[in-house]
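> Quick one, fold the following:
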Amino acid sequence: MLDYAKKFDAGLEYHEFLAKHGTPEQRRRWEMVHEQVVLTDPQRALLASFTRDMKVLCLAGAWCGDCVNQCPIFSHFAIGSPRIHLRFYDRDVHPDLAERLSVCGGARVPAVLFLSEDNYQVGFYGDRTLSKYRKMVADEFGQVCPTGLVPETQSLLAAVTQDWLDEFERIQLILRTSGRLRKLHND
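Below is the predicted model:
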């Protein structure tokens, strides 16, 4: 069994992770995406409304294109909510976490593990969002069944940002409605 409290403490904050594991070129690419992430006013208001602390462990690789295009989003979420405690882990340095967060039998990144404030597993999400997979399938096979859920005019980065925010909100609502945590917080 993985000791989540100990693992969380071993994680790095966003810029520490990049400084330790990224080359100058990789850091430049992450920063370029970080600058492109724009949260809307409703998204910022949602993040500011979070009431439960959530620990977020992100398994990543500075070299990974999917991480470049998604992990900067998480940094914006953590900036937008003091309730989000975000830590990053290099996939190859933390094989125990990579094994625990495997996707379809592989050590895929990014993979995110959500914990409660007292280190209980709440959820897991990765490696790409629904919007990204829809785009990949449309590019690879043609758009066989457009859903209309993501308008063509909406950028992929904005859609992926919303997908991830939906997951962060889902976890926050699990934490907020947890009987155990409601008893702990007397609410």
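> from here on, contacts and neighbour counts on C-alpha atoms
Fine.
> Extract the CA atoms of the helix or strand that contains Asp66 and return them as PDB.
Asp66 belongs to helix 65-80 when assigned by DSSP states H and E. Only the C-alpha atoms of helix 65-80 are listed here, as PDB (Å, rounded to 0.1, in the frame of the first residue of the first chain):
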ATOM      1  CA  GLY A  65       3.700  16.600 -25.100                       C
ATOM      2  CA  ASP A  66       0.400  15.800 -23.300                       C
ATOM      3  CA  CYS A  67       1.900  17.100 -20.000                       C
ATOM      4  CA  VAL A  68       3.100  20.300 -21.700                       C
ATOM      5  CA  ASN A  69      -0.500  20.900 -22.900                       C
ATOM      6  CA  GLN A  70      -2.300  20.000 -19.700                       C
ATOM      7  CA  CYS A  71      -0.200  20.500 -16.600                       C
ATOM      8  CA  PRO A  72       0.000  24.300 -16.900                       C
ATOM      9  CA  ILE A  73      -3.800  24.200 -16.600                       C
ATOM     10  CA  PHE A  74      -3.400  22.600 -13.100                       C
ATOM     11  CA  SER A  75      -1.100  25.400 -12.100                       C
ATOM     12  CA  HIS A  76      -3.700  28.000 -12.900                       C
ATOM     13  CA  PHE A  77      -6.300  26.000 -10.900                       C
ATOM     14  CA  ALA A  78      -3.900  26.000  -7.900                       C
ATOM     15  CA  ILE A  79      -3.300  29.700  -8.200                       C
ATOM     16  CA  GLY A  80      -7.100  30.200  -8.400                       C
END
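> Check the offset of whatever helix or strand comes next after that helix from the chain's centre.
Toward the C-terminus, helix 65-80 is succeeded by strand 84-90 as the next helix or strand (DSSP H and E). Distance of strand 84-90 from the chain centroid (CA atoms, centre = their mean, to the nearest Å) equals 9 Å.
> contacting residues around strand 84-90?
8, 11-14, 17, 21, 53-62, 74-75, 77-78 (CA atoms under 8 Å, 6 or more residues apart in numbering).
> Could you rerun that using 7 Å?
Outside strand 84-90, the residues within contact range by CA atoms under 7 Å, 6 or more residues apart in numbering are 8, 11-14, 17, 53-61, 78.
> still on that earlier bit, what helices or strands is the helix holding Asp66 leaning on?
Counting contacts by 3 or more CA pairs under 7 Å, 6 or more residues apart in numbering; DSSP states H and E, helix 65-80 packs against helix 24-36, helix 41-48, strand 84-90.
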